[in-house]
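**Q** Next come a sequence and a model predicted from it.
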Amino acid sequence: MTYSMISILALILNVIINRGALKHFSLSSKGQNPARRAVIRYTHFLTASNCYFIADIIWGVLYEYHHIDSLFPFLYLDCILYFLFMFLTMLTWIRYVVAFINKTRKRSKILLGAVWFMFTLGLIFLIINLFFKFIFSFDGEHNYIPEPGRYIAFLLQIALYLVTTVYMFYIASKSIGGERIRYTAVGFTCFAMGLFLVTQIFDPKYPAYAGGLIIGICVIRSIVDEGEKKEKEIYDHIATSLAEDYEAMYYIDMETGQYMEFSTSEEYESMNVPCVGKDFYAETQSNLDTYVHPDDREFARSLYTKEKMLSILKEKKSYSYKYRIMVGGSPRYFRFTVLRAHDDRHFVLYEKDIDEEVTAETTRREKQEKHITFSKIAESLAANYDVIYYVDAKDSGYVSYECHNIYGKLDMQQSGDDFFADAEKDIPQIVHESDRNLVSDFLDRDNMISALKDRKRKSIDYRIMANDQTHHVRLIIRKTSDDSHFIIGVENIDAEIRREKEHLKALNSERELARRDDLTGVKNKTAYNELVKSVQENIDNKDVSLCFAMVVCDANNLKRINDTQGHVVGDEYIKKSAMLLCDVFAHSPVFRVGGDEFVVFLKGDDYSNRGELMKNLRSKVIENIHSGSGPVLASGISEYDHTSDSLVSEVFDRADKEMYDDKQELKE
């Protein structure tokens, strides 16, 4: 019985820690998706291991009484089953490893062919043993005697486990993040099984292989549990962050109709719609008369039948529709999106209040006297974005979820250890040349933390190059509620940009365009002269409450850049100079009053914080000098003194003089 204790403990432990997986045992994995196929083959390995443990336990019990003649036939049969189940654990394990890797490469096919060959060879060895003492035998007193075939079979298995170990460690070295950990765990399990099989060779009366199996199973289980926990946390954070755009969401069992409801809208929760239920189809039909606008009830009633919803979801992954719901006694338009879940057993229903959107579109249609046909929008929660990045705010590790393929043949990583470092590598390959610095500055970890300190989200629009075409995209960053992660979404806004350009062209008057600098987008000298005139009137009227300061800036090295690198590069230098001033003086108007000369008019909070802002500007200029990139601006500031200044030009002249002093210091 001492021999059997290890296998008894291994059997109990395997059943306890893998009881959930064993309940879903399926004989065949054909026709399943890759993830499900790997799970099924892992249950095959667990079942084969349990059979081996049982055979090993029986061996330990029977061999204690091997001298009893009546028990010998059972001992001999159990010995055959012992080797059979050992070979079966080898076969099922390697089949699981190949499914887990999920690669169609040649090495995986060779590995699968090798294990089937060795399993078949093992069966042949057992058949030979029935007629010839090849693997094992017993003497006249029923003592177990290992034969040469046993060592051959063990050495072949050890060789296969060793090759698989090296293969898994090789794949792990080429992987990153969670994949590397999982591949390493599988490789370690192969090594443990091979190592304990070596021990089994030297001492056939010690259950070493059973110990190797259960150690490997425990390693795999611990990695699987940790991976599932982390993935669930990631999905929960993403879903919670993106769910803020929806009033309610339902998770529904296709066949039974059982459902759970989640709502983020206080107004929607006030309607007292049930949070959980047993039959979504029946309960929704009964609630239509209470919540749906009378004119839309028949339409809504036709949508919520099991047959109707399942028939549509068989043809497409998602679909949308809209109708009016009575909220607080008033009708409001809602859009409903139905999305089939990945397990093909559930679907998700999203509800979004689009009443303001519909009202605005109707008003615009009446004004323009155009008839616009609305099409149903079939997209799921995450499908609003082409790519979603889930980034750890502390260590910068990330996972990406790609929803659309707007990036052509670019191979996007699914996970990584440093989002910001990888972004810096990808920006030159993806982002339009003119927008690279803008995106690089935006995707700075400290800038992102600062930008989201007092707001829920921040976005930036830029251009990317895909398939030799330019696309406009919007990058939106949010933070999870616990501030532990960034949610970064990228969406294609080509259509939106096109509409905005048309709208801007219609709205912008010649007067407005005349006051905007074409190159930088900041205000031009015409706008500056108008401001000076307005401020001078206040000074002439003796407005003692008037407080302002003027910052005069001049871009260094512009002539040298134009002469050596051309005017195109020079223009980019001027635009970056304007961008730097707009970033520092975010609440003050910036004017381009000459080729490389700018004026910033400070008032309000920027006036109060002028010292800190000037320090910040000059600090950035020094950083640009040291790094050899970015604009270098000489600057000077002067405050209006109502006791001595009678002209705006006096304030300007003092700032201009200080700027020239700063320019000389920068050159030196």
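**A** Alright, I've got the coordinates.
**Q** Doesn't S175 belong to a strand?
**A** No: secondary structure of S175 (DSSP: H, G, I helix; E, B strand; the rest coil): coil, not part of a strand.
**Q** Could you double-check that it sits in contact with Y183?
**A** Yes: in this structure S175 lies within contact range of Y183 using Cβ atoms under 8 Å: 5.7 Å. C-beta: built from backbone N, CA, C; applies to glycine.
**Q** burial count for the spatially closest residue to S646 that is not a sequence neighbour?
**A** Distance criterion Cβ to Cβ, 6 or more residues apart in numbering; nearest residue to S646, sequence neighbours excluded, is I539 at 6.5 Å. Using other Cβ atoms under 10 Å, I539 has 17 neighbouring residues.
**Q** if we can go back for a sec, more crowded one of S175 and Y183?
**A** The neighbour comparison of S175 against Y183 (other Cβ under 10 Å) goes to Y183, with 23 against 16.
**Q** and that one, what is it in contact with?
**A** 101, 168-169, 171-172, 175 (Cβ atoms under 8 Å, 6 or more residues apart in numbering).
**Q** Over to F100?
**A** 38, 42, 182, 186.
**Q** Apply 10 Å and report the result again.
**A** Shown in contact with F100 (Cβ atoms under 10 Å, 6 or more residues apart in numbering): 34-35, 37-39, 41-42, 168, 182-183, 186, 220.
**Q** Let me know the closest of the residues you listed to Y640.
**A** Y640 has its nearest neighbour among these in R182, at 66.2 Å by Cβ to Cβ.
**Q** Go ahead and confirm the closest one touches S175.
**A** Yes: the pair R182 and S175 qualifies as a contact (Cβ atoms under 10 Å) at a distance of 8.5 Å.
**Q** which stretches of the stretch 351-500 of the chain form strands?
**A** 387-392, 398-402, 415-416, 457-466, 469-479, 485-492 (DSSP state E, counting those that start in this stretch).
**Q** Please disregard the earlier target; I meant the stretch 101-250 of the chain.
**A** 136-138, 144-146, 248-253.
**Q** will you turn the ones you listed into a markdown table that also has mean pLDDT and distance to D461?
**A** Shown next, in a markdown table, are the strands of the stretch 101-250 of the chain (pLDDT from 0 to 100; distance: least, Cβ to Cβ, whole Å):
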| stretch | mean pLDDT | distance to D461 |
| --- | --- | --- |
| strand 136-138 | 87 | 74 |
| strand 144-146 | 87 | 74 |
| strand 248-253 | 84 | 29 |
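**Q** which of these sits most buried?
**A** With neighbours defined as mean count of other Cβ atoms under 10 Å, those peak in mean count at strand 248-253, which reaches a mean of 20.
**Q** Pretty sure I325 sits in a helix.
**A** No: if the criterion is three-state DSSP, then I325 is strand and not within a helix.
**Q** On the strand side of things, show who it bridges to.
**A** Beta-bridge pairing for I325 (DSSP bridges): V292, R332.
**Q** Contact partners for it?
**A** Neighbour list for I325: 247, 268, 271, 288, 291-293, 296, 300, 331-334, 336, 351, 353, 355 [criterion: Cβ under 10 Å, 6+ apart].
**Q** Can you tell me which residue is spatially central in the protein?
**A** Taking Cα atoms, centre = their mean, the centroid of the chain lies closest to S400, which sits 3.1 Å from it.
**Q** show me where pLDDT drops low in the stretch 301-450 of the chain?
**A** 343, 365-384, 402-414 (pLDDT under 70).
**Q** ok, which stretches of it are helices?
**A** 306-315, 355-368, 419-430, 436-442, 445-451 (DSSP state H, counting those that start in this stretch).
**Q** Compare the ones you listed and give me the one nearest I464.
**A** Closest among the helices of the stretch 301-450 of the chain, using Cβ to Cβ: helix 419-430, at 5.1 Å.
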